[in-house]
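Student: Pasting a predicted model and its sequence here:
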Amino acid sequence: MLEGGKISGRQLAFLLVLQVFGTVFLFLPGFVAKGAGRDAWLVPFVSAGFSLPQGALLLALVRRFQGATATGFCARQGGFLCRLPACLLLLFYTHLAAIVLREFGDFLNIAIMPETPLVVFGVVLVALSSYAVRQGIEVLGRLAEILLPVVLFSVAVVFILAVGNMESRHFFPVLENGLLPLLKGSLPSFGWYSELAVLLFLAPFVARPEETGWSFSVAVVITSIFFLLVIAGPLAVFGAEVTKSLVFPTFSLARIVELAEIVSRIEVVVVAVWVTAALVKLGILHYILVLGSAELLGLRDYRTLVLPLGLILGALSILVSRNVVELTEFLNRTWFFYSVTLQFLLPFAFFLMPLPGGNRR
Amino acid sequence: MLILLLGAGIALYEAPKLVREKQWRELAAFSGFLLFGIALALALALGIPVPNPTRAVEYIFSPLSRLIYPR
């Protein structure tokens, strides 16, 4: 085992929440409103339903891996065919990490610091995550434990302060055009929820493995509740028509809230908190990449790979799209297929591999 | 230029320990990733066209996404 650290069941749950929720509040409410219109607030419930079969699959795989990560399991089996799905998964996470970096770079660039070159945000975030990853999984777990409550608190505060501007008529009539728009609006969010597949890499480090299922359920519940807040908030305040045309609906909501003309323009504080959420998400992905490639290549230590891979991520984040429009189009239209294929369908391939028998090295 | 400095910095920070402890496998993986990263960053900085992974993925899944989002 390359990693000696252990995390608690609660830390695993918090890591999973941040993995999904770390970027949900940027673009996703807009995509969901585009697909589902007025029914967008029902999407979190549908997505939580989607995570049931996925959870069953992931937990079965975790049991099958017998205390190894997906890559560790493949490396132990030996053979090229066994390593292929794990390699694909790692390539996917490389792409995802670059996209996360890019999303936040674009977000900060558009929302707060339009003069700063994009690459600066990338370098700063990668440097921070490299530092966290070098310290190992325990530090990432504790980071999630400290930051997640703050992130959720900020989301809740924005929602509560906006209650005065909400109009319930934006929610009705429910399911006016049948179920189809609702399903269409749910697709992009399935893309996000399938990122719970990082469980395949994180579960082996839980101190008490029997808590894994519990952590997964808690993560889904917390994610769905707060997803409901970030989508219902903008929907109730702006209405479906406006929400669909906003690039960052939740951020726009944070801009307009105020309390008795004293607490106002809180968006900068809120954004600072959200960046920390993205940092943990990036850290998880960076960690998976480093640990996964070290295990596949049969190395004795994964820490030396942190900085070179960080450099690759930073460069990739510039490459993945030319501008924010291209990025949102990709995330809205293609991300669901890409993400679900690699994180939901591909893991079935792990079932085909023989369990380690007597011929273990 | 900055990229080369950064790459050299990373190499100087990590490599001596690896050489001292004779972890050749680790050293090979480390240099491989580092060289790839530097090459990628340099190509981007100098404006050499690099294939875009997002574009490739979009192309692969375009038949499926057309089904749901007809243009």
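Tutor: Cool, the structure landed.
Student: Next, count neighbours for residue A:116.
Tutor: Using other CB atoms under 10 Å in any protein chain shown, residue A:116 is surrounded by 12 other residues. Where you see a C-beta, it was placed from the backbone N, CA and C, and this is true even at glycine.
Student: I'd say it and residue A:109 touch.
Tutor: Yes - look at residue A:116 against residue A:109 with CB atoms under 8 Å: they come within range, at 6.6 Å.
Student: what's the weakest-modelled helix or strand in chain B?
Tutor: When the helices and strands of chain B are scored by mean pLDDT, DSSP states H and E, helix B:2-20 comes last with a mean of 73.
Student: List the buried residues for it?
Tutor: By neighbour count with 16 or more other CB atoms under 10 Å in any protein chain shown, helix B:2-20 contains the buried residues B:3, B:6-7, B:10-11, B:14-15, B:18.
Student: Just the C-alphas of the helix or strand just after it, formatted as CSV.
Tutor: Once helix B:2-20 ends, the next helix or strand along the chain (criterion: DSSP states H and E) is helix B:24-45. Only the C-alpha atoms of helix B:24-45 are listed here, as CSV (Å, rounded to 0.1, in the frame of the first residue of the first chain):
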residue,chain,number,x,y,z
TRP,B,24,15.4,4.5,-10.9
ARG,B,25,11.8,3.4,-11.7
GLU,B,26,10.5,6.4,-9.8
LEU,B,27,13.0,8.7,-11.5
ALA,B,28,11.9,7.4,-14.9
ALA,B,29,8.2,8.0,-14.3
PHE,B,30,9.0,11.4,-12.7
SER,B,31,11.1,12.6,-15.7
GLY,B,32,8.5,11.2,-18.2
PHE,B,33,5.7,13.2,-16.6
LEU,B,34,7.8,16.3,-16.1
LEU,B,35,9.1,16.3,-19.7
PHE,B,36,5.5,15.8,-21.0
GLY,B,37,4.3,18.7,-18.9
ILE,B,38,7.1,21.0,-20.0
ALA,B,39,6.5,20.1,-23.6
LEU,B,40,2.8,20.7,-23.4
ALA,B,41,3.2,24.0,-21.6
LEU,B,42,5.9,25.2,-24.0
ALA,B,43,3.8,24.3,-27.0
LEU,B,44,0.9,26.3,-25.6
ALA,B,45,3.1,29.3,-24.8
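Student: Any residue of helix B:24-45 touching chain A?
Tutor: Yes - applying CB under 8 Å from any CB of the partner chain, one finds helix B:24-45 touching chain A at B:25-26, B:29-30, B:33-34, B:36-38, B:40-41, B:44.
Student: can you list these in a markdown table and add pLDDT and neighbour count?
Tutor: As requested, those are exported to a markdown table (pLDDT from 0 to 100; neighbours: other CB atoms under 10 Å in any protein chain shown):
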| residue | pLDDT | neighbour count |
| --- | --- | --- |
| B:25 | 75 | 13 |
| B:26 | 74 | 24 |
| B:29 | 78 | 22 |
| B:30 | 78 | 24 |
| B:33 | 81 | 23 |
| B:34 | 81 | 23 |
| B:36 | 81 | 15 |
| B:37 | 80 | 24 |
| B:38 | 80 | 21 |
| B:40 | 80 | 20 |
| B:41 | 79 | 23 |
| B:44 | 78 | 18 |
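Student: returning to what we had before: can you tell me which of the buried residues of helix B:2-20 are up against chain A?
Tutor: Okay, of these touching chain A (CB under 8 Å from any CB), that's B:6-7, B:10, B:14, B:18.
Student: Could you dump the residues you listed into CSV with distance to residue A:271 added?
Tutor: Shown next, in CSV, are those (distance: CB to CB, whole Å):
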residue, distance to residue A:271
B:6, 27
B:7, 32
B:10, 30
B:14, 34
B:18, 40
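Student: which bits of the stretch 251-361 of chain A sit near chain B?
Tutor: A:293-294, A:297-301, A:304-305, A:307-309, A:311-312, A:314-316, A:318-321, A:326-327, A:330, A:332-334, A:337-338, A:341.
Student: Among those residues, name the buried ones.
Tutor: A:293-294, A:297, A:299, A:304-305, A:307-309, A:311-312, A:314-316, A:318-321, A:327, A:330, A:332-334, A:337-338, A:341.
Student: tell me the phi and psi of residue A:88?
Tutor: Backbone torsions for residue A:88, taken as degrees, to the nearest 10, come to phi -60, psi -40.
Student: surely it meets residue A:345?
Tutor: No - the pair residue A:88 / residue A:345 is not scored as a contact, 11.0 Å apart, by CB under 8 Å.
Student: if we can go back for a sec, what's the angle between the least confident helix or strand of chain B and helix B:24-45?
Tutor: If you take axes from the mean of the first three to the mean of the last three CA atoms, to 10 degrees, helix B:2-20 sits at 180 degrees to helix B:24-45.
Student: Which strands or helices does helix B:2-20 pack on?
Tutor: Under the contact definition 3 or more CB pairs under 8 Å, 6 or more residues apart in numbering or on different chains; DSSP states H and E, helix B:2-20 sits against helix A:306-319, helix B:24-45.
Student: what angle sits between that helix and helix A:306-319?
Tutor: Using the same axes, to 10 degrees: helix B:2-20 against helix A:306-319 is 160 degrees.
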